[in-house]
Each structure stands twice: as C-alpha cells, then as structure tokens.
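**Q** Sequence and predicted structure, then a few things I'm wondering about:
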Amino acid sequence: MHFKEVTDPKIKAEIQKVKNEIEKFVVWIFQHHEESSRSGSKVIHDGVWGTHRYEEFEIALINTPLIQRLRQIHQTAFTFLTYPSTQHTRFEHTLGVTAQIGNLYKALNDRFEHTPHCRGKKNLLGEETYRTLRIAAILHDCGHGPLSHTSEEIYGKYEEIKLLKRYDPFIAAGPGEIFSYLIIDSDYFKNFLGKIKDKYELNIDEELIKNAIVGHAPNPLDTYKVDMLHGPFDADKLDYIFRDGHFSGLPLQIDLDRFWYSLDINTVKVPIKSNIVKFKKLTIDWGGISSLEQILFSKMTLYPAVYHHHKVRACDCMFKGIIEHVREKGKKLMKDGLEIDFGRASQFLYFTDPEVFGMHGLMKKDESLHRLMHNLQFRRLLKRAIVISCDSVKEKEKLDAYTKNTEKPIFKDGLEYYRWLAKRIWEKAGKPGLFQEIWVDCPQDPNFGEANDTWISPLGEGHEPVPFTEFFEIEKYANQYKLKKWRSHVFCRPEHIDKVSKACVSVFKEEFGIEFKPLAFHLCHVDLPSEL
Amino acid sequence: MKEERVPSDVIKAIFHFLGEEAHFRFPANIPKIHSAFYELSQERDLSALFEDFVFDTSKIFPYCETVSYALNRLQKSNLLACINPSLNEFEISKALSGWNIEKTELFNENEISLLKKAANKFEDLVKQAYAL
C-alpha cells in the first residue's frame, strides 16, 4: 500500500506529523535563499571524473542551501580518522552521480544510434527523462543527516521511520532516501521546483524524481529509468565505489569503458503467480560481465577495508554515545530558535558535521559531553576489547542468539538491546569510565543483493535475457563474507580493556552460552584473560 | 534471560521443520526463496505468521528485508550452510533441525502447527527451483 493511501487514523496522523516536520525543515533551510542572478551553464572540475558541464537549471538547484549543506557532510562519515584523505563530501558525490547519469545516457544513446539491431530502440530514454534523472541525481542525497550513514544508523531505528518503511514507496529505501523523497514532496519544494520548471520550460516527471531516489518503479515497463539511479549498477553506486576507493587510497579497478559500451535496455519476462510480468530493465552485454564482476568485487573490498573497519565502527559508536548522552540528559540544543533533543528523526536534518563537533557549545556546561566530543574530535578512540565473529567463538550455533537482536531493537530497562548488553558488561567490569564509552557493535551485513536483480542482454533474436547469477554466483562470495569477514566488537576506553575483556567473557557465557577462542583476543591485541 | 521473538524467528522455525529430514537441502536461489515466502504470506491461513514481513512487490522478485536478514543471520551461525563444492545449495544444519523449539516458548501451539504447514508448502515451492 502507498503511504498516501493509508486510512488508519492513527498511522495517518503519524505520517502527517513526519510530513509536517519535513515541511518545517524545508522552509527553514530555504529561509535566506536568493536566486542567483548569474545565467548560463557551468563547467565543474572533479578529482574523480574530470570536467563536466551542468545546465543552468541544474545550477539553480545545486546553488540552493538544500544541496549546498551537503558540502558539510562527509560522504563516508568518520573514515577520515582512519584514512586521512577520505574528506570528500556528499556534495562532490552528488555532482559525481549527476555526471554518471550523463555517462549512462550517452552510452545508451551511442548504442541506439550506432548499433544496427538497436536502432528501433532510439528515443527509449528521451531528453525529458534524462533531465528528470539528472535532477533526481542532484536531489538524491538531500535527506542525509550529519555523518551520512552514521546518523542514519541512529534515526533509522526510530518508530516513525520503521512505520514509513512498511509502505510503498519506502519498503526498500534507506532512511536518508525516505527524507529526500519527503523533502521533494513538500509543498514548499514543489512550489520551488515548479518555478524552475516554468523558468527553464522543463517538462520533467516529478514522480519519477522521487521514485528513482527510493528505488520504486510502479510501472514495470519504467524500471530501467529507476535502475539508472537506484539499480544493480546505478550512477550512485558507480560514483561512490570510485570516489570512496580513490580517496581512501584503495586501488580498485573497473573497466568502465567496456561497461559503457555494453549497456542496453531489454524486456525481462518474470513469472509472478500465474502471470508473466514484463519488466524493462537496464542490462549488460555478455562482454560487460567482467566489468560487473569488478564492480561487485570493489564493493566487497570497500566493506571490510573501509566501511566496516573496526576503527571506523568505533568512531560510529562514539558518535552514538554523544547523541545518547544528549538524549539521556533530556537536554535541548538551541539552533536558530529551534529546540532540538534528537527525539525525532527529522531533527538530524538540522545538523551538519561541523555543527556536530560544535554541539557542546550549544549546551550549558556539560563536562561529560565535552569529554566525549573531544575524544572523537582529537582521535582518542575507543579500542576493541573482544572480537565476536564466526571464527572467534567455539560454537558458531550460539552466535544466533546474539546476532538476532540486530533486527528488532528490544528495549530492556528503557535501553535498546545492545545497549542493555553493554550495560551488563560495564557493570560486570565495575563501571569503568562513562557508560557512553562502552559499546557492543553488531553491524548489519552488507547487501550484495543487486546481483540477483542484474540481467545479461540476450544474444540475439529469439533469446531472452539471462540472470547475472548464472555467470557470477554471488551467494558464494556473500557467504564467505559472513563467515570470514563479518566481525562484531565490544569497544571501550584503552585503559579499561583488561577489565572489559574479562567482563565480556562472563557476560557472553551467561547470556548466550558463547565461549571464545584465543583469536577473539589476539585480533584486538589483548592479553588472554586468565580464565581461558 | 528469556529469549524474545524477532520477526526472522519465523523463518528459522520454518527451516527447523524442513530439516526434520537429516541434512535437508534446497537451492540457494535467492529470488526463488523470497518468492516462496511471499507466496506463503499470501495464504489466508498462514498470513498471521508473516504480519511483520513487508514485501516490495515492485521489484523483479518480491523482496523482503526480513527474509534477507534471516538468511544472513542463520548462515553466520552455521544453522544454514551454503555447502561445498558448488555452494549452490543451502543445507539445514543438525543444530537447527535439532532445535528444541517448544522449549523456547517463542511460538504457541497453534503457531507451531502453522509453521509445520508452512514448511511443507515452502519445500514444494523451492524444490520447483531445481527444475529451472
């Protein structure tokens, strides 16, 4: 069911409440915006993709405070404290994704114009769809909060986000994408976009802008349009894999030239119940299979090396500790006359990264908050006290009772499940330091599911597209990731490691029957507790 | 501490009942597995089990985050194994088939009989994937 069709009065009221909050944010962010008197397109140079031209209507959007605020949000959150050059922001990524839409479009047009058997497909992706998707690319990340996915991990668990995720078009969307959709759907923004449409005589599809961002294609025959921004090998993914790899210094190789030349659009027939449903999808020629494998391998490399690096996860936990402290103290931060307590997901939109680091200045003197902030800002990071993974426990089966609680935040004594567990460990260790300085981090698995939605173009007349999984068995690699690379940790202050490690041994045994192998301690350079 | 139920426990329980036959295997065909659970969720008598499952039916197969989560969860703890040499089949582990579901109190008697029924239907649905 679409969220706009909900009839239950209670749910409807909650959805309306979120919509009102977003409307308020949009009015706030646009309050001092003035349209630039400058006219004409603009050429922008990018460290990853080189030089690219943006049309005047695109510059009008890029110049809004809604997009400019992305200059203040790191693309990969706290990775810069581990990989110093990952200082790139959501703003550069936004421009990069827009450029990638351009590359996808040019590649498809080139194919339709120059390949004899494709000539009949010309104009499948028209100029207006192209412009619509470029606008969607510019706006796709406008709903991100500070530190990108790090704040998403916090507010994504809020009840209002979980409620929205039960309805179309948000079922498969991330929390930030849901906010981007609602921002574009707000009355203020619709009015603003309407003026841009009139001024530049654009015939763009506003529904497609929103749906492409959340990855929702109500009409299966339009799936290829959504695929361009939110599909198995979309513009977003192409940019972030290259950009994050480039700035973290990981040498990732993808044969993009080959990839562009192998792009196509084809009809995929899928049996759903007793019907055959036709989806029009972006597909790749057989010759582009290696490039697709390279894209997936690059993503698999980025997860353990960058996104789930233990120091990066420790920083994420430290940030969560700051937000938890603010919420627990029931304090309100004042921002432009607005009272913010992080009790609602939309409140994160009012902050960017530099403002997070300056947050203690917005509160009355609070020594604990000051300490939490300074430790993060000046890189006095939490360290690992124990590693919980498939190869660090004696009986893997017992991990199930531990990992299952990532799914549903169960509140015990008013705490989310893993905070409750951290409290048990903290108490067992004799309450060393602040409670906000001990964290049980159980990260979600990376999603490699795009491989199951990727299709290889038919070899010719009378042939059908073939699922990519027939060439590349993603489950083999995903399985290896879970068994060999996925790791959960307990983090604490370095001076408390010995006490906390010992406490972990007894709490994990009591709660889950889990016993650890020496590897659990060796991996974090901790002496084996005498009990082992 | 008493174990609390999470939505993916429904999948764990269905796999448990599938595995009553030792080392039960089924194709590691992700679209087919999601589709099979979607079909079960649409059955009038079984739908109550799947109340917390939200399927995105606009995709090429009805994708559900809870199903995806359950497969990850069970593989990590080796309760469901993607087996050698070809890694294209899932196998229910001895630990999962021997799980004492009644002792956990996660499901009531009525739910357990529905779960058994769902397991039988699931078996029929995924076994069709061998023919693909």
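**A** Everything's here; your move.

**Q** C-alpha only now, for contacts and for neighbours.
**A** Will do.

**Q** Could you give the number of residues near A:Gly215?
**A** 26 (other CA atoms under 10 Å in any protein chain shown).

**Q** B:Arg5 and B:His16, how far apart?
**A** 15 Å (CA to CA, to the nearest Å).

**Q** Please apply the same query to A:Ser41.
**A** 61 Å.

**Q** do B:Glu123 as well
**A** Note on B:Glu123: its distance to B:His16, by CA to CA, is 12 Å.

**Q** returning to that earlier point: which one's more surrounded, A:Ser41 and B:His16?
**A** Taking other CA under 10 Å, A:Ser41 and B:His16 do not tie; B:His16 has more neighbours (27 against 14).

**Q** Just list the residues touching that one, thanks.
**A** B:Ile92, B:Leu96, B:Ser97, B:Gly98, B:Trp99 (CA atoms under 8 Å, 6 or more residues apart in numbering or on different chains).

**Q** got it, and A:Phe435?
**A** Here A:Phe435 is in contact with A:Lys423, A:Trp426 (CA under 8 Å, 6+ apart).

**Q** Could I get the pLDDT score of it?
**A** Listed pLDDT for A:Phe435 reads 95.

**Q** give the contact list for A:Arg53.
**A** A:Ser41, A:Lys42, A:Val43, A:Ile44.

**Q** Distance of the closest residue to the third one other than its chain neighbours relative to A:Pro220?
**A** The shortest distance from A:Val43 to any non-neighbouring residue, by CA to CA, 6 or more residues apart in numbering or on different chains, is to A:Arg53 (4.4 Å). A:Arg53 sits 32 Å away from A:Pro220, taking CA to CA as the criterion.

**Q** Next one: the closest residue to A:Phe508 other than its chain neighbours from A:Ala401, what distance?
**A** Spatially, and ignoring its direct neighbours in sequence, A:Phe508 is nearest to A:Ile514 (5.4 Å; CA to CA, 6+ apart). Using CA to CA, A:Ile514 is found at 9 Å from A:Ala401.

**Q** Which one's more surrounded, these two?
**A** Remark: of A:Ile514 and A:Ala401, A:Ile514 carries more neighbours, 22 against 16, as counted by other CA under 10 Å.

**Q** quick revisit: in a strand, the residue nearest to A:Val43, correct?
**A** Yes - counting by DSSP: H, G, I helix; E, B strand; the rest coil, A:Arg53 is found in a strand.

**Q** Quick check: it vs A:Arg38, distance?
**A** For A:Arg53 relative to A:Arg38 (CA to CA), the value is 16 Å.

**Q** so A:Met373 is in which element?
**A** Assigned by DSSP states H and E, A:Met373 belongs to helix A:367-377.

**Q** which helices and strands does that helix pack with?
**A** helix A:310-328 (3 or more CA pairs under 8 Å, 6 or more residues apart in numbering or on different chains; DSSP states H and E).

**Q** report the angle between the axes of the helix it packs on and helix A:367-377?
**A** 160 degrees (axes from the mean of the first three to the mean of the last three CA atoms, to 10 degrees).

**Q** For helix A:310-328, which residues meet the burial criterion?
**A** A:310-323, A:325-326 (16 or more other CA atoms under 10 Å in any protein chain shown).

**Q** what residues does chain B put near chain A?
**A** Residues of chain B lying near chain A by CA under 8 Å from any CA of the partner chain: B:1, B:3, B:6-7, B:28, B:30-31, B:54-56, B:58-61, B:65, B:69, B:72-79, B:82, B:87-88, B:95.

**Q** Now, of those, which are buried?
**A** Here, 16+ other CA under 10 Å leaves B:6-7, B:28, B:30-31, B:54-56, B:58-61, B:65, B:69, B:72-79, B:82, B:87-88, B:95 buried among the residues of chain B next to chain A.

**Q** so A:Lys428 makes contact with A:Ala503?
**A** Yes - in this structure, A:Lys428 is within contact of A:Ala503 by CA atoms under 8 Å, at 5.5 Å.

**Q** Looking at those two, which one has more neighbours?
**A** With neighbours defined as other CA under 10 Å, A:Lys428 and A:Ala503 compare such that A:Ala503 has more, 21 against 17.

**Q** Do a quick rundown of the strands in the stretch 351-500 of chain A.
**A** Counting by DSSP state E, counting those that start in this stretch, the stretch 351-500 of chain A has strands at residues A:383-389, A:439-441, A:455-456, A:466-467, A:487-492.

**Q** quick one: the last one to helix A:310-328, angle?
**A** Computed with the same axes, to 10 degrees, the direction of strand A:487-492 lies at 60 degrees from that of helix A:310-328.

**Q** Name the strands paired with strand A:487-492 and say parallel or antiparallel.
**A** Paired strands of strand A:487-492, with direction, are strand A:383-389 (antiparallel), strand A:439-441 (antiparallel) (DSSP bridges).

**Q** most centrally placed residue in chain A?
**A** In chain A, the centroid-proximal residue (CA atoms, centre = their mean) is A:His149; its distance is 5.0 Å.

**Q** mind listing what that residue touches?
**A** A:Thr76, A:Ala77.

**Q** Local confidence estimate at it?
**A** 93.

**Q** any chance you could read off phi and psi for the residue in chain B that chain A sits nearest to?
**A** Of chain B, the residue with the smallest distance to chain A, taken as CA to the nearest CA, is B:Ser77 at 4.6 Å. Dihedral pair for B:Ser77: phi -100, psi 10, per degrees, to the nearest 10.

**Q** okay but it is in contact with A:Cys390, surely?
**A** Yes - counting by CA under 8 Å, B:Ser77 does reach A:Cys390; the two are 6.9 Å apart.

**Q** got any residues that touch both of these two?
**A** A:Lys396, A:Leu399.

**Q** low-scoring pLDDT stretches of the chain, where are they?
**A** In the absence of a named chain, this looks at chain A. Chain A contains residues with pLDDT under 70 at A:116-123, A:362-364, A:408-415, A:531-532.

**Q** looking at chain B here, not the other one
**A** In the prediction, chain B carries residues with pLDDT under 70 at positions B:1-2, B:21-22, B:84-86, B:129-132.

**Q** quick one, helices of it?
**A** B:9-18, B:30-42, B:65-76, B:94-97, B:101-104, B:109-127 (DSSP state H).

**Q** Tell me which of those helices sits nearest to A:Phe472.
**A** helix B:30-42 (13.4 Å; CA to CA).

**Q** for the closest one, the distance to its chain's centre please.
**A** In terms of CA atoms, centre = their mean, to the nearest Å, the centre of helix B:30-42 is found 10 Å from the chain centre.
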